[in-house]
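Trainee: predicted model, plus sequence, below.
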Amino acid sequence: IPRAGRRRHAFQIQRLRITMNRIAAALALGLAAITSGCATYTGEPVASAAIEQRDPVTILIAIDGFHPSYLDRGLTPTLSRLAADGVTAPMRPSFPSKTFPNHWTLVTGLVPDHHGIIANKMEDKSRPGETFTMATVDPYWWSEAKPIWVEAEEAGIRSAAMFWPGSAVPWGGTAVRYGPVTDGEMASDWQAFSMQVSNTQRVNAVLDWLRRPADIRPEFVTLYFDTVDSASHDGGPESEEVNRALADVDQHIANLVSGLQTLGQPANLVIVSDHGMAPTGSDKMIVLDEIVDASLYRAVEAGAYASFEATEGNVEAFEAAILREHDHMECWRKEDIPARFQYGTHRRIPPYFCLPDTGWTITNRASDSEWSGGNHGYDPYAPEMASLFIAHGPAFHSGTVIDSFQNTAITPLLRHLIGLPQAQRADGSLAEVAGALADLPRTASEVRRSSLTV
């Protein structure tokens, strides 16, 4: 037989042997099932390949700006089912109720006054001429609290971040003028935030990570959606824009859940928001030009709150103007900010701070036109600022409502889920959310709450 013919002949014999072996294995398994009485033979071959048994992955999902009451609009069937079949609670943000301070709290367990991300925009006297913005990834600004994905990596727990404020920061490293930071720590897999990456692409990225072989598959994942917050700022919390964003995010979470089921991947889902949203408009404005001479101060931030420095030689005059009583606004020296806010000791907080009534806006000058929208950053105890908490998966009870808690308890919960020891430095505790966990004992009141429906 010619050489090519011998090769084809050998290949056909090899394929025939493989086929016969598979048929023999299937028949043997079918016969064993019949004789054992454990199954009924249907005439179909029985698969011989073992199905991979996966450990649960922990997925932290943030829906920016999602108020708990949004679940009541009938637009979020997936989130509502996860809440009803899992655990839910009204959660309180930390102060200020802004995006970056609260996202860093959710993954460090510390309030902004302690972890150093005290605002979406801030300054530091150690870095004169620099301003922190939401695009800043210089590790210096983030170095005062280690995020959970870094601690997980140090413990050999592989992590992946599909967007999260701070996830693109090489934590603990030193920024260089050119080239990458080589001495920082990050999640094994991460993507820097971009609004051009659609919600579909974000979910697909997470599922792609979880399709990997076990040795490079993440055990802890973060996922971030910004569209509800963006719609709320533009149209206000009651707008049709928000309703469309709610339905869209819910569908993408449904796609994630479906994808996990297809992969045979059990998951403990912790779904949160960073803050709620309050309606605002041009009819609720506090105009600084009508209160204090602009030459007496420099504003660092304005909007849902305002922070200031007095200009040189004008401390007394500025204090006389700003620290008096105002309609719809209260102002303090930073050291006099009420203790319940847990805010006012960090060096990055400017010397003076003003907080308006919820829904009011502090601005330098009056608006020339009418406008409406939504905003946050207000008193975290205001009902409008409440944030979302849903927990669902094998680690959690089903059909359970627990008491309200502050979002500093989320990191202790995540540490428990992924097997990290609890941190010595923490502003929240696992005890605050223990009633959610199936492997921890519950009090009598928690058992009663578990019978409530969502």
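Mentor: The structure has been received and is ready for your questions. Numbers count the residues shown, from 1 in each chain.
Trainee: if I look at residue 214, how far off is residue 260?
Mentor: Counting by Cβ to Cβ, to the nearest Å, the gap from residue 214 to residue 260 is 16 Å. The C-beta positions use only the backbone N, C-alpha and C, and glycine is treated the same way.
Trainee: who has more neighbours out of the two?
Mentor: Neighbour count, other Cβ atoms under 10 Å: between residue 214 and residue 260, residue 260 has more, with 21 against 10.
Trainee: tell me how many other residues crowd the nearest residue in space to that one that is not next to it in sequence.
Mentor: Spatial nearest neighbour of residue 260, chain neighbours left out: residue 267 (5.2 Å); criterion: Cβ to Cβ, 6 or more residues apart in numbering. Residue 267 has 21 neighbours, counted by other Cβ under 10 Å.
Trainee: then the one 5 residues further on?
Mentor: Using other Cβ under 10 Å as the criterion, residue 272 is surrounded by 22 other residues.
Trainee: and if you look at the one 3 residues further on?
Mentor: When counting by other Cβ under 10 Å, one arrives at 33 neighbours for residue 275.
Trainee: could you report the pLDDT at it?
Mentor: pLDDT, residue 275: 98.
Trainee: mind checking how far it is from residue 52?
Mentor: 39 Å.
Trainee: now swap in residue 220 and tell me
Mentor: According to Cβ to Cβ, residue 220 and residue 52 sit 19 Å apart.
Trainee: neighbour-wise, which of the two wins?
Mentor: Applying other Cβ under 10 Å to residue 220 and residue 52 shows that residue 220 carries more neighbours, namely 25 against 10.
Trainee: now do the contacts for the more buried one.
Mentor: 57-60, 148-149, 152, 157-160, 414, 418 (Cβ atoms under 8 Å, 6 or more residues apart in numbering).
Trainee: what's the closest of these to residue 358?
Mentor: residue 60 (27.5 Å; Cβ to Cβ).
Trainee: quick check, pLDDT for the closest one.
Mentor: With respect to pLDDT, residue 60 has a value of 98.
Trainee: which of the three states applies to it?
Mentor: Put simply, residue 60 is strand when judged by DSSP: H, G, I helix; E, B strand; the rest coil.
Trainee: that one: how many residues sit nearby?
Mentor: Neighbours of residue 60 (other Cβ under 10 Å): 25.
Trainee: distance of it from residue 381?
Mentor: 24 Å.
Trainee: what residue ranges in this structure score low on pLDDT?
Mentor: 1-51, 442-454 (pLDDT under 70).
Trainee: what residue lies at the spatial centre of it?
Mentor: Closest to where the C-alpha atoms of the chain average out (Cα atoms, centre = their mean) is residue 62, at 3.2 Å.
Trainee: wait, isn't that one in contact with residue 272?
Mentor: Yes: contact criterion Cβ atoms under 8 Å: residue 62 and residue 272 qualify, at 5.6 Å.
Trainee: give me the common contacts of these two.
Mentor: The contact lists of residue 62 and residue 272 share residue 106, where a contact means Cβ under 8 Å, 6+ apart.
Trainee: and which of the contacts of residue 220 is nearest to residue 84?
Mentor: Nearest to residue 84 among the contacts of residue 220: residue 59, at 18.9 Å, using Cβ to Cβ.
Trainee: count the residues that sit near that closest one.
Mentor: Residues near residue 59, counting by other Cβ under 10 Å, number 24.
Trainee: next one: residue 85
Mentor: 16.
Trainee: tell me the contacts of the nearest residue to residue 218 once chain neighbours are set aside?
Mentor: Spatial nearest neighbour of residue 218, excluding adjacent residues (Cβ to Cβ, 6+ apart): residue 160 at 3.8 Å. By Cβ under 8 Å, 6+ apart, the contact list for residue 160 reads 187, 188, 189, 190, 206, 209, 218, 220, 221, 222.
Trainee: just checking, the first one touches residue 151?
Mentor: No: Residue 187 sits out of contact with residue 151 when judged by Cβ under 8 Å, with a separation of 10.9 Å.
Trainee: and the two? Which one has more around it.
Mentor: Remark: of residue 187 and residue 151, residue 187 carries more neighbours, 25 against 22, as counted by other Cβ under 10 Å.
Trainee: so who does that one touch?
Mentor: 149, 150, 152, 153, 159, 160, 161, 167, 218.
Trainee: just these: which are in helices?
Mentor: If you go by DSSP state H, the contacts of residue 187 have 149, 150, 152, 153 in helices.
Trainee: wouldn't the second one be in contact with residue 188 here?
Mentor: No: at 10.8 Å, residue 150 does not count as touching residue 188 under the criterion of Cβ under 8 Å.
Trainee: neighbour count: the two, which is higher?
Mentor: Using other Cβ under 10 Å as the criterion, residue 150 and residue 188 rank with residue 150 on top: 21 against 17.
Trainee: quick check: residue 74 vs residue 246, distance?
Mentor: 10 Å.
Trainee: of the ones in helices among the contacts of residue 187, which is the most crowded?
Mentor: Highest neighbour count within the ones in helices among the contacts of residue 187: residue 149, with 31 neighbours (other Cβ under 10 Å).
Trainee: list the contacts for that residue?
Mentor: 107, 159, 161, 167, 186, 187, 220, 222.
Trainee: so the fifth one sits against residue 171, correct?
Mentor: When you say that, I think you mean residue 186. Yes: counting by Cβ under 8 Å, residue 186 touches residue 171, with 6.7 Å between them.
Trainee: check the offset of the helix or strand harbouring residue 330 from the chain's centre.
Mentor: Using DSSP states H and E, the element containing residue 330 is strand 329-333. Counting by Cα atoms, centre = their mean, to the nearest Å, strand 329-333 is centred 30 Å from the centre of its parent chain.
Trainee: the helix or strand following it pairs with which strands, parallel or anti?
Mentor: Proceeding N to C from strand 329-333, the next assigned helix or strand is strand 352-356, under DSSP H and E. Strands that pair with strand 352-356, judged by DSSP bridges, come out as strand 306-310 (antiparallel), strand 329-333 (antiparallel).
Trainee: name the residues that touch the next helix-or-strand element following strand 352-356?
Mentor: Per DSSP H and E, the first helix or strand lying C-terminal to strand 352-356 is strand 361-363. Contacts to strand 361-363, defined as Cβ under 8 Å, 6+ apart, come from residues 280, 284-288, 302-306, 329, 354, 356, 375.
Trainee: now residue 216: how far from residue 160?
Mentor: In this view, residue 216 and residue 160 are 10 Å apart by Cβ to Cβ.
Trainee: please enumerate the shared neighbours of these two.
Mentor: Shared contacts of residue 216 and residue 160 (Cβ under 8 Å, 6+ apart): residue 188.
Trainee: helix/strand/coil for residue 78?
Mentor: Assignment for residue 78 (three-state DSSP): helix.
Trainee: again, but for the one 4 residues further on
Mentor: Going by three-state DSSP, the secondary structure assigned to residue 82 is helix.
Trainee: can you count the residues close to the nearest residue to it once chain neighbours are set aside?
Mentor: Leaving aside its sequence neighbours, residue 82 sits nearest to residue 392 (Cβ to Cβ, 6+ apart; 4.3 Å). Neighbour count for residue 392, taken as other Cβ under 10 Å: 22.
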